[in-house]
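> Take a look and give me a structure for this.
(chains A and B)
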There are 2 protein chains.
Amino acid sequence: MQTILQSKTKQIKMSTDGVFTIIGEKINPTGRKKLAAALQEGNMDYVRELAKKQIDAGADILDVNVGVPGIDDVALLPKVVKMLAEEFDIPLCIDTPNPKALAAAMSFAPGRVLVNSVNGEEASLQAVLPVVKEYNAAVIGLVMDEDGISSDPQKRFALAGKIIERAAKLGIATEDVVIDPLVLTVGADSNAGKVTLKTIELVHNEFGVNINLGASNVSFGLPARDIINVAFLGLAISVGATCAITDPVKYTQGIRAIDLLLGRDAYAGRYIKYFRQHPPEEKPVK
Amino acid sequence: MQTILQSKTKQIKMSTDGVFTIIGEKINPTGRKKLAAALQEGNMDYVRELAKKQIDAGADILDVNVGVPGIDDVALLPKVVKMLAEEFDIPLCIDTPNPKALAAAMSFAPGRVLVNSVNGEEASLQAVLPVVKEYNAAVIGLVMDEDGISSDPQKRFALAGKIIERAAKLGIATEDVVIDPLVLTVGADSNAGKVTLKTIELVHNEFGVNINLGASNVSFGLPARDIINVAFLGLAISVGATCAITDPVKYTQGIRAIDLLLGRDAYAGRYIKYFRQHPPEEKPVK
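Here you go, the predicted model:
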């Protein structure tokens, strides 16, 4: 199954049987003081720098979130989306909890965007899905609702079904709904990884849709987070995850490795190309 | 299913539904000049050091291979096994292609050892399995035969069945046969990972036995081997691999992460304990 996204001239096919898709997460001020400050000043230079860095590192899509306290994202989000669409030829993932900001931003993105996100709450379904339909976009569906995030994979799975069904009623095709099984940290609940993996397996087997990971949450608060995150990507991809909102600077190499190991990279061409473009840093002599 | 191994006082249960088992690979002179030289001189100090280092890093079992050109391993293997059994309380995996050296070494290992290895060749089955039976050991079965290593997972799977069957005829229980699906490098054949993963899945679903990986081969000749190896461990474990002959100094942390992500590590206790015992090196200031 394919979810097709587009920028001015480029098309990205997120696919359930092709290579993994990387959505760059770094244009998001949560926990990034420098970006928050730049956005508050209306300074686009740092956003530009983050866009460029992620594209160079292998991002297929850029997530765009401008949620800063005290800033009206109905005004700011369209401005950032417009700048990115004009200066970079890469599909965007518009990331806001505010349907008004979403609607305001959509018309500035050429091609076909991914909306991040809808969830199983009535209010979310009713506010977000019509905008997705109106702009012929695709959408990420988070498997949570009024009751929060369940630790029962069957309940998360049921919410995936609900979101797909409600989208279909508005004429949004199943392939345009990307399910996010939600990843909580194993540091707080050591069953968290297992629950997400089981959810992925259920959603993959039943609906065959693209499945997105917010891959970095899983390791929050633990030492050696990069190793946990790469290991989790391997586990999740092997049961059906097809894309991740993640840091391409850190994780593209691991993702390229997984694609290679799954036989999706003839002659290791993409893997080796990545290292030609990003030679490993020299290790300090001990 | 459990494969039970023993040293003087310790028991290791390799299990198909417990934590992953780590077999330390470093006591093997292939590609290790310093160890080869030490063995040629009959100097045990470096073997001791490698044993200690691997146990400290989390090895559950130590592989012991003394194959150096020009050295009679019928004499040397028992000597090394005897020293290790006397000085370290950890089950051994006796690794030799020479059935005479194997038989000579077996009586010096207390408890219950793992034999590395038998394969599907008639000569190997006839020479190795009787020794395994005689010493009540467990054995690693490599899925290759007179025709070499097949790139067809069904053929590798059939050889797993053959080895299990031949072992059973001699009274060796199925749980005492650990199947090694063989891992070739993706640098030479980009389908190599896929073939191994499919073999693991077939063997796991049909026989439910413990499955061992020679995990480091897969990345041979490629840049950033550690990332490939950790990613491959994740992929392989998720389809049924239960142990690996690997470098615990490099890969225990990745393996602990995978166990945690699969919900096998309550309160992240083992993961965090590993980092208390092995604090990450400080990164150089750039």
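> low pLDDT regions in chain A?
By pLDDT under 70, the low-scoring segments of chain A are A:281-286.
> Please name the residues that touch the residue of it found nearest chain B.
In chain A, the residue that lies nearest chain B is residue A:234 (2.7 Å; CB to the nearest CB). Every residue, glycine included, has its C-beta placed from N, CA and C. By CB atoms under 8 Å, 6 or more residues apart in numbering or on different chains, the contact list for residue A:234 reads A:254, A:258, B:230, B:231, B:232, B:233, B:234, B:235, B:238.
> The residue nearest to the second one when sequence neighbours are not counted: neighbour count?
Beyond its immediate neighbours in the sequence, the residue positioned closest to residue A:258 (CB to CB, 6 or more residues apart in numbering or on different chains) is residue B:231, lying 4.8 Å away. Applying other CB atoms under 10 Å in any protein chain shown, we find 31 other residues in the vicinity of residue B:231.
> next structured bit after the strand or helix carrying residue B:231?
Residue B:231 is part of helix B:225-239 when elements are defined by DSSP states H and E. Remark: after helix B:225-239, the chain's next helix or strand is strand B:243-246, criterion DSSP H and E.
> Can you spell out which helices and strands pack onto that next one?
On a contact count with 3 or more CB pairs under 8 Å, 6 or more residues apart in numbering or on different chains; DSSP states H and E, strand B:243-246 meets strand B:21-24, strand B:212-213, helix B:225-239.
> between the next helix or strand after it and helix B:225-239, what angle do the directions make?
On the C-terminal side of strand B:243-246, the closest following helix or strand by DSSP H and E is helix B:248-261. Interaxial angle of helix B:248-261 relative to helix B:225-239 (axes from the mean of the first three to the mean of the last three CA atoms, to 10 degrees): 40 degrees.
> what comes up buried for helix B:248-261?
By neighbour count with 16 or more other CB atoms under 10 Å in any protein chain shown, helix B:248-261 contains the buried residues B:248-249, B:251-261.
> Helix B:248-261 and whatever helix or strand comes next after that helix, what's the angle between them?
Counting by DSSP H and E, the element after helix B:248-261 in chain order, helix or strand, is helix B:269-277. In terms of direction (the same axes, to 10 degrees), helix B:269-277 departs from helix B:248-261 by 150 degrees.
> Residues in contact with helix B:269-277: which ones?
Residues contacting helix B:269-277 (CB under 8 Å, 6+ apart): A:222-224, B:19, B:56, B:58, B:252-253, B:256-257, B:259-260, B:265.
> Chain B contacts on chain A?
Residues of chain A lying close to chain B by CB under 8 Å from any CB of the partner chain are A:186-187, A:190-191, A:193-195, A:197, A:218, A:222-224, A:227-228, A:230-235, A:237-239, A:253-254, A:257-258, A:260-263, A:265-268, A:271-272, A:275, A:280, A:284.
> As JSON lines, the contacts of helix B:269-277 with distance to residue A:169 would be great.
Listed next are these as JSON lines, based on distance: CB to CB, whole Å:
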{"residue": "A:222", "distance to residue A:169": "41"}
{"residue": "A:223", "distance to residue A:169": "46"}
{"residue": "A:224", "distance to residue A:169": "45"}
{"residue": "B:19", "distance to residue A:169": "46"}
{"residue": "B:56", "distance to residue A:169": "60"}
{"residue": "B:58", "distance to residue A:169": "53"}
{"residue": "B:252", "distance to residue A:169": "50"}
{"residue": "B:253", "distance to residue A:169": "47"}
{"residue": "B:256", "distance to residue A:169": "46"}
{"residue": "B:257", "distance to residue A:169": "41"}
{"residue": "B:259", "distance to residue A:169": "42"}
{"residue": "B:260", "distance to residue A:169": "40"}
{"residue": "B:265", "distance to residue A:169": "42"}
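> between those residues, which is closest to residue A:138?
Using CB to CB, residue B:257 comes nearest to residue A:138 of the contacts of helix B:269-277, at 31.7 Å.
> for that closest one, what are its contacts?
A:224, A:227, A:228, A:231, A:232, B:271.
> Now list the buried members of those.
Here, 16+ other CB under 10 Å leaves A:224, A:227, A:228, A:231, A:232, B:271 buried among the contacts of residue B:257.
> Pull the number of nearby residues for residue A:122.
10.
> Report how many residues lie close to the closest residue to it other than its chain neighbours.
Nearest residue to residue A:122, sequence neighbours excluded (CB to CB, 6+ apart): residue A:146, at 7.4 Å. Applying other CB under 10 Å, we find 10 residues neighbouring residue A:146.
> what's near enough to touch residue A:224?
By CB under 8 Å, 6+ apart, the residues touching residue A:224 are B:253, B:257, B:275, B:280.
> redo that, cut-off 10 Å
Residue A:224 makes contact with B:253, B:254, B:256, B:257, B:271, B:274, B:275, B:278, B:280, according to CB atoms under 10 Å, 6 or more residues apart in numbering or on different chains.
> and what of residue A:172?
A:118, A:129, A:130, A:132, A:133, A:136, A:137, A:138, A:139, A:163, A:164, A:166.
> Now, the residues you listed that are in helices?
Of the contacts of residue A:172, the ones assigned to helices by DSSP state H are A:129, A:130, A:132, A:133, A:163, A:164, A:166.
> Count residues in the vicinity of the last one, would you?
Right, the one you point to is residue A:166. By other CB under 10 Å, 19 other residues sit near residue A:166.
> Could you find the closest non-adjacent residue to it?
Counting by CB to CB, 6+ apart, the residue nearest residue A:166 is residue A:125, at 5.0 Å.
> Helix, strand, or coil at residue A:17?
coil (DSSP: H, G, I helix; E, B strand; the rest coil).
> Distance of it relative to residue A:210?
Plainly put, residue A:17 is 11 Å away from residue A:210 if you go by CB to CB, to the nearest Å.
> doesn't residue A:179 fall inside a strand?
Yes: under three-state DSSP, residue A:179 falls within a strand.
> Hmm, it is touching residue A:144, no?
No: judged on CB atoms under 10 Å, residue A:179 makes no contact with residue A:144 at a distance of 11.6 Å.
> what sits in contact with each of those two?
Counting by CB under 10 Å, 6+ apart, the residues touching both residue A:179 and residue A:144 are A:156, A:159.
> Settle it for me: which of residue A:17 and residue A:210 has more neighbours?
Taking other CB under 10 Å, residue A:17 and residue A:210 do not tie; residue A:210 has more neighbours (28 against 9).
> Could you verify my assumption that that one touches residue A:164?
No: Residue A:210 is not in contact with residue A:164 according to CB under 10 Å; the separation is 11.6 Å.
> list the residues that contact both of these two?
A:176, A:177, A:179, A:203.
> Format those residues as TSV; extra columns: neighbour count.
Output for those, formatted as TSV (neighbours: other CB atoms under 10 Å in any protein chain shown):
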residue	neighbour count
A:176	25
A:177	25
A:179	28
A:203	28
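> export those to TSV and tack on distance to residue B:67?
As requested, the shared contacts of residue A:210 and residue A:164 are arranged in TSV below (distance: CB to CB, whole Å):
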residue	distance to residue B:67
A:176	58
A:177	56
A:179	51
A:203	49
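> how about the residues you listed, which pair is most distant?
Once CB to CB is applied, these give A:176 and A:203 as the farthest pair, at 15.2 Å.
> Residue A:75: what's it in contact with?
By CB under 10 Å, 6+ apart, the contact list for residue A:75 reads A:42, A:66, A:101, A:104.
> For the residues you listed, pick the one with the most neighbours.
The residue in the contacts of residue A:75 with the most neighbours, by other CB under 10 Å, is residue A:66 (26 neighbours).
> give the contact list for that one.
Residue A:66 makes contact with A:27-29, A:35-36, A:39, A:47, A:72-73, A:75-81, A:94-96, A:101, A:105, according to CB under 10 Å, 6+ apart.
> buried subset of those residues?
For the contacts of residue A:66, buried by 16+ other CB under 10 Å: A:27-29, A:35-36, A:39, A:47, A:73, A:76-81, A:94-96, A:101, A:105.
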